[in-house]
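# from the sequence below, what's the structure:
(2 chains)
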Amino acid sequence: MQPDELAEIFRRYGYFVQRRCTLLLGNSADAEDVTQEVFMRVQRYSSSLTAPVTLSWLYAIAARCCFDRAQQRQRQTPVEHSALEALAGSSAPPPERALVGQLLRSMDRKTSEIAILHHVEGWTQEEIAAHTGYSRKTIGKKLSLFSQTFKDAWQRLSAVRREVGS
Amino acid sequence: MSAIEPPVRREGCPPAGQLEFLAAGDAVPATVTAHLQACETCASYVTGLRGEQVAYALAHPPELMARKLARRSDAARRQRWLWVGTFALVTLSLVLGVSLWRPNEPAFTLKGGSGFSVYVSTPSSPAPRPVPSGARVSPGDVLRFQFTSKQSGYLMIVDLDGAERLTAFHPYRGQQAVAIRGGEVHSPEERIELDSSPGAERVVAIFKPTPFSLADVTAWLGTRQGTPGIPLLECGDCTAQWVVLEKP
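Purely as a prediction, here's the structure:
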């Protein structure tokens, strides 16, 4: 892939990829680095590409890179107290999405993939089934697992917010 | 990077992901494009994303980024080759090391995880050196032994000299086999100085999971020959490892 082709892909998709990485990693420095990693992979795989680059494909690579990075940083364990504290004290818009991002890092890949489509991209279960080929039952089970984990973490987050606020 | 939030999905709205694909210029179903005409919320999300996309491109000039990525790719490729080279070098060293390594092999070893070594020191060469079965020794040479077994059990080292006399070397002149622990190197303290009696010294290490005595060994040693010069030792579940030392 020629540098100008890569530049064009980056111009078109760089923002979206970094935005997704920021959501999944919850850390802009890591997100910027992983975004570059995503485009390096695009360049590496360019010779074997049979279809044009799409944002959907880049999102899939980004999710993989983000989870690899999270694994490297041994942040697989469910939301830590310190992370909850950071969220609770944050002035950013509703922390639900940030919490979703944190939880995604602690789930298995299939659950993460389904949860991203549902909670981040806003797909319905039927749309996810049509898009991924997973059965409705699998999607339902994975989303229910994710929701339960989210509920638990949300309760803990609320408790920490009360502590921080008091 | 600002955090433009996706709109809450209402009845008839496409998923936020499809709005992002549309904002990035990817193909989306015609219904999504048509929806934007009627839904101000979704339209404003797409417009917001496009605005941020332009701002991002200004802050991260794609041409500069492409050069940066190329440099990173080159560095990563060099790093990969460095790892491959290091791995190959280490592997080669290990292969060479293993193939060239010659430990002090026991003079005679049987299968089953046990080994028996005989060491000889001479007046002119006092450092003990392992000797294989069939080695030539002289009167005055001193023998030492080493035995290893994976299992715990009982050990006796005996000698059958040229005159068919049986002598316990370990425990020296003892009557009962010595208990040894599995997985450890057993180095008896005995130093046996060879006398001038003629004929070969046939030294055998007998290992058995249960206790036995020199009298048992005498009973096990039949008159039948196993390999030439070595009598058969019929002792059931024991192992017998012979080292024959030729004496002038």
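# let's check: the centremost residue of chain A is which one?
A:L24 (3.3 Å; C-alpha atoms, centre = their mean).
# what's the burial count for the residue nearest to that residue when sequence neighbours are not counted?
Among residues not flanking A:L24 along the chain, A:C66 sits closest, at 4.0 Å (C-beta to C-beta, 6 or more residues apart in numbering or on different chains). Quick note: C-beta positions are derived from backbone N, CA and C, even for glycine. A count of neighbours around A:C66, defined by other C-beta atoms under 10 Å in any protein chain shown, yields 27.
# go on, B:P123?
Neighbours around B:P123, by other C-beta under 10 Å: 9.
# from chain A, how far out is it?
With distances taken as C-beta to the nearest C-beta, to the nearest Å, B:P123 is found 65 Å from chain A.
# contacting residues for that residue?
Neighbour list for B:P123: B:G140 [criterion: C-beta atoms under 8 Å, 6 or more residues apart in numbering or on different chains].
# let me know the helix or strand that it is in.
If you go by DSSP states H and E, B:P123 is not part of any helix or strand.
# tell me the pLDDT at it?
Note for B:P123: predicted pLDDT of 84.
# quick one: B:S117 is in a strand?
Yes. Checked against DSSP: H, G, I helix; E, B strand; the rest coil, B:S117 lies within a strand.
# let me know whether it touches B:S133 as I believe.
No. Counting by C-beta atoms under 8 Å, no contact exists between B:S117 and B:S133, whose distance comes to 10.7 Å.
# now the residue nearest to B:R9 when sequence neighbours are not counted, what's its secondary structure?
Leaving out its chain neighbours, the residue that sits closest to B:R9 by C-beta to C-beta, 6+ apart is A:G122, at 4.7 Å. Classification of A:G122 using three-state DSSP returns coil.
# residue contacts, A:G122?
Applying C-beta under 8 Å, 6+ apart to A:G122 gives the contacts B:P6, B:R9, B:P15, B:A16, B:G17.
# next: B:L166.
Here B:L166 is in contact with B:V158, B:D159, B:L160, B:L214, B:V217, B:T218, B:L221 (C-beta under 8 Å, 6+ apart).
# can you tell me which residues in chain B are near chain A?
Contact residues (C-beta under 8 Å from any C-beta of the partner chain) of chain B with chain A: B:1, B:3, B:5-6, B:9, B:15-18, B:20-21, B:23-26, B:49, B:52-53, B:56-57, B:60, B:62-63, B:65-70, B:72-73, B:76.
# for chain A, where's the lowest mean pLDDT among helices and strands?
Ranked by mean pLDDT, DSSP states H and E, the helix or strand of chain A with the weakest confidence is helix A:81-89, at a mean of 47.
# repeat for chain B
When the helices and strands of chain B are scored by mean pLDDT, DSSP H and E, strand B:108-110 comes last with a mean of 44.
# is chain B within reach of the one helix or strand A:A31 maps to?
In this structure, A:A31 sits in helix A:28-45 according to DSSP H and E. Yes. Helix A:28-45 lies within reach of chain B by C-beta under 8 Å from any C-beta, at A:S28, A:A31, A:Q36, A:F39, A:M40, A:Q43, A:R44.
# out of those, which end up buried?
A:A31, A:Q36, A:F39, A:M40, A:Q43 (16 or more other C-beta atoms under 10 Å in any protein chain shown).
# surely the fourth one touches B:R72?
Read that as A:M40. Yes. Under the criterion of C-beta under 8 Å, A:M40 makes contact with B:R72 at 6.0 Å.
# which helix in the chain runs the most residues?
By default, I'm working from chain A. As assigned by DSSP state H, the longest helix anywhere in chain A is helix A:136-165.
# nope, chain B
Max-length helix for chain B by DSSP H is helix B:62-100.
# rewinding a little: buried stuff in the longest helix of chain A?
Applying 16+ other C-beta under 10 Å to helix A:136-165 flags A:138-139, A:142-143, A:146, A:149-150, A:153-154, A:156-157, A:160-161 as buried.
# what do you get for stretch B:167-180?
B:A168, B:F169, B:H170, B:P171, B:G174, B:A177, B:V178, B:I180.
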